[in-house]
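Chemist: Build me a structure from this.
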Amino acid sequence: MTASTYGQNFISFGVPVRFESRNARLFQKAIETADRALIGNLTPTRKRPEHIFTFGRDKERGIFVEHNGDLATCGEIERGVFKYFDSYLRVRIGEYCPNRVFIHSGVVALDGKALLIPGNSFSGKSTLVLELVRLGAEYFSDEFAILDEQGNVHPYARPINMRTDDGKYRPYTVDVGSSKTSHRAGLPVAAVLFTKYKESSRFRPKILSPAEGIMSVTPFTLPIRVNPAYSIRVLQQVMNNALIIRSKRTHAPRFAQILLQYLNDFL
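Modeler: Just a heads-up that it's a prediction; the model follows:
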């Protein structure tokens, strides 16, 4: 590191990273973005970094972010570059976390047990999570289910990311008291729901076997390629002890009511 370069090593969810920049403002922006993206799980460390992120600006690329020497993103609009970095960093941490399994999933708690709703962006999981919370469920996450070795799920309680339903899909956030949830301990998983929206569809749950559950959740499991053996072992812990169901769903407010009644009767 030269005298004109700013740099700091951090660790997040067991993954050592480093941020570097010759620009003090971009360096500070990177730290603030990372801390917000990782909900405060960003601690200074002396551990050797596995992932080095470099931030800068030049005439050819505008503002840029490099990851281990390769270009991750660039552009003229700072807000857009750091928005992409926010998402990129979260996924990299989820892929390389050594002792947790990150799954793209909504999560709510019901009577001390967790319901997982795996799904990618635009799948409607955030809308369903918000409706379940409005009906009394405790908010855990609208983005990641973070599983420990025993298969318990830990909160990743950022404000819920929503999009307008006017055809323009403009993003906005809903804060549902996420700061309080962030300090909760892990909970056992009682149920896993695989669902897709279909207008006017009825709730017709099909119960899946643990093997079917693992196959269905694998596409949403971030570390499955980096650490497949550990990922499968944790997923087995979850699926062997949870009710696993698949069903299409109608509009979230009505479906959330039906789902909660079903879970209350079944579990």
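Chemist: Return the residues in contact with the residue lying closest to Arg246 once chain neighbours are set aside.
Modeler: Among residues not flanking Arg246 along the chain, Phe194 sits closest, at 4.4 Å (CB to CB, 6 or more residues apart in numbering). Yep, even glycine has a C-beta here, placed from its N, CA and C like the rest. Applying CB atoms under 8 Å, 6 or more residues apart in numbering to Phe194 gives the contacts Pro118, Leu208, Ser216, Val217, Ile244, Ile245, Arg246, Ser247.
Chemist: what about the first one, neighbour count?
Modeler: Other residues within reach of Pro118, judged by other CB atoms under 10 Å, total 23.
Chemist: Kindly report the same for the third one.
Modeler: Counted with other CB under 10 Å, the burial measure for Ser216 works out to 16 neighbours.
Chemist: in this structure, which ranges drop under the pLDDT threshold?
Modeler: Filtered on pLDDT under 70, the chain yields the residue ranges 1-4, 122, 162, 164-169, 177-184.
Chemist: could you redo the last one with a cut-off of 90?
Modeler: Scanning the chain for pLDDT under 90 picks out 1-5, 120-127, 157-185, 197-202, 250-252, 265-267.
Chemist: the helices in it, which residues?
Modeler: 24-37, 78-96, 125-134, 178-181, 210-217, 228-239, 252-266 (DSSP state H).
Chemist: Could you pull out the buried residues of the first one?
Modeler: In terms of neighbour count (16 or more other CB atoms under 10 Å), helix 24-37 has its buried residues at Leu26, Phe27, Lys29, Ala30, Ile31, Thr33, Ala34, Ala37.
Chemist: Provide a list of residues in contact with the last one.
Modeler: Spelled out, it's Ala37. Asp86, Ser87, Leu89, Arg90.
Chemist: Out of these, which is nearest to Glu20?
Modeler: Leu89 (14.3 Å; CB to CB).
Chemist: dump the residue contacts of the closest one.
Modeler: By CB under 8 Å, 6+ apart, the contact set of Leu89 is Val17, Thr33, Ala34, Ala37, Leu38, Phe53.
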